[in-house]
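Visitor: just coords:
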């Protein structure tokens, strides 16, 4: 993915610096040549020896180490891209004003390479007007930002400010260095669970968070594809993603089937209800009326509709099962898909709402490929790798 590309990784002083060691390893696994700069504050969280062992060369820590008369210009000229992860509020402030008092900020000033920052801080710091001004200035200066996202923070806190996972940073680096391996492709992705109304207040739904579908859409967009995302949940923000928001299975079917013109690949990751109430009450059903009897009817089969209406499109289906995945093998044959992704949603590392997934890929002829537990971002990336190889 990044064979022989020259990546300079800067690590500033935040708790998320522990993730930088894994990020460095992922860069090396992707084939990149890697240099690392640790700020003084970063060394309070992660050691030089750890990063040196991963990168296979000494890390850089200051402007005056004596190894080079001008280390910041040497590194600036060498790098094809500079990635700072984590990028703390303090680092963003210094970068926004063009400070150059340490090796990392001086290298940024001396370089014409693209810069990608992955912010990480507490929610209150991220939402401060000063931080918002700094990030706006950095974006205006052409800096790429990835994240932060909502999640667990230090001291048991939860909110927006968590650094994105290393796989997402890798994907963004690949997109920036481009050209993307999905340039020129148009893809459809469905995401989230549907809601089938009982009355104006109540509905029948499922626990799907849409995280897997969103990760698939975002990875495709970052790789250059034009993405048509039909979703029942919040969508990722990317210039290559056009979004249609739906609620019911009927709405999802209509939106998906209307998106088939000029389509190369469809990945149907949404958890679509199989049944819906045959009649929907126009008024809220009163408790005093007693428990209602719901006569159910089938919903449109969105996946089958895509296969029927657009047989030339490479079609990927999803199957959320509980326990055995044997039914998924049969589904791969019946649904006329090119590839089926199955998972056991009863597993704690693979259920609805988790950040990880453990999937099995099934082909119509019954071939199976079981993947280990991975982040959903990594599953998405590997899935597109597989689709590009097979289609």
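Guide: Yep, it's here. Note that the structure is a prediction, hence the values are computed from the model and not measured. Residues are numbered from 1 along each chain as shown.

Visitor: next, the spatially most central residue of the chain: secondary structure please.
Guide: In the chain, the C-alpha nearest the mean C-alpha coordinate belongs to residue 215, at 3.8 Å (Cα atoms, centre = their mean). Put simply, residue 215 is helix when judged by DSSP: H, G, I helix; E, B strand; the rest coil.

Visitor: so what's it up against?
Guide: If a contact means Cβ atoms under 8 Å, 6 or more residues apart in numbering, then residue 215 has 376-377, 379-380 as its contacts. (Glycine included, C-beta is placed from N, CA and C.)

Visitor: helix or strand for the closest residue to it other than its chain neighbours, which one?
Guide: Leaving aside its chain neighbours, residue 215 sits nearest to residue 380 (4.0 Å; criterion: Cβ to Cβ, 6 or more residues apart in numbering). Counting by DSSP states H and E, the element that carries residue 380 is helix 376-390.

Visitor: quick check: mean pLDDT across that helix?
Guide: For helix 376-390, mean pLDDT is 90.

Visitor: what does that helix contact?
Guide: Taking Cβ under 8 Å, 6+ apart as the rule, helix 376-390 contacts 165, 167-168, 170-171, 181-182, 211-212, 215-216, 218-220, 223, 265, 267, 314, 316, 338-339, 341, 354-357, 359, 361, 371, 374.

Visitor: can we see that at 6 Å?
Guide: Helix 376-390 has contacts (Cβ atoms under 6 Å, 6 or more residues apart in numbering) with 165, 167-168, 171, 211-212, 215-216, 219, 265, 357.

Visitor: stretch 331-342 too?
Guide: Taking Cβ under 6 Å, 6+ apart as the rule, stretch 331-342 contacts 303, 307, 314-319, 321, 325, 328, 359-362, 364.

Visitor: got the domain ranges for this structure?
Guide: For the chain, automatic domain parsing gives the domain ranges 6-177, 186-390.

Visitor: in the protein, mark out all the helices, start to finish.
Guide: 18-29, 48-55, 71-78, 89-97, 103-110, 123-126, 129-140, 166-177, 211-222, 249-257, 302-309, 326-334, 376-390 (DSSP state H).

Visitor: show me the shaky parts of the stretch 151-300 of the chain.
Guide: 179 (pLDDT under 70).

Visitor: and the strands in it?
Guide: 158-162, 186-191, 196-197, 203-204, 226-231, 241-245, 265-268, 275-277, 296-298 (DSSP state E, counting those that start in this stretch).

Visitor: just say which of those strands is most tucked in.
Guide: Of all these, strand 186-191 has the most neighbours on average by mean count of other Cβ atoms under 10 Å, namely a mean of 27.

Visitor: helices or strands next to it in the packing?
Guide: helix 211-222, strand 226-231, strand 265-268 (3 or more Cβ pairs under 6 Å, 6 or more residues apart in numbering; DSSP states H and E).

Visitor: so that strand versus helix 376-390, what angle?
Guide: If you take axes from the mean of the first three to the mean of the last three Cα atoms, to 10 degrees, strand 186-191 sits at 140 degrees to helix 376-390.
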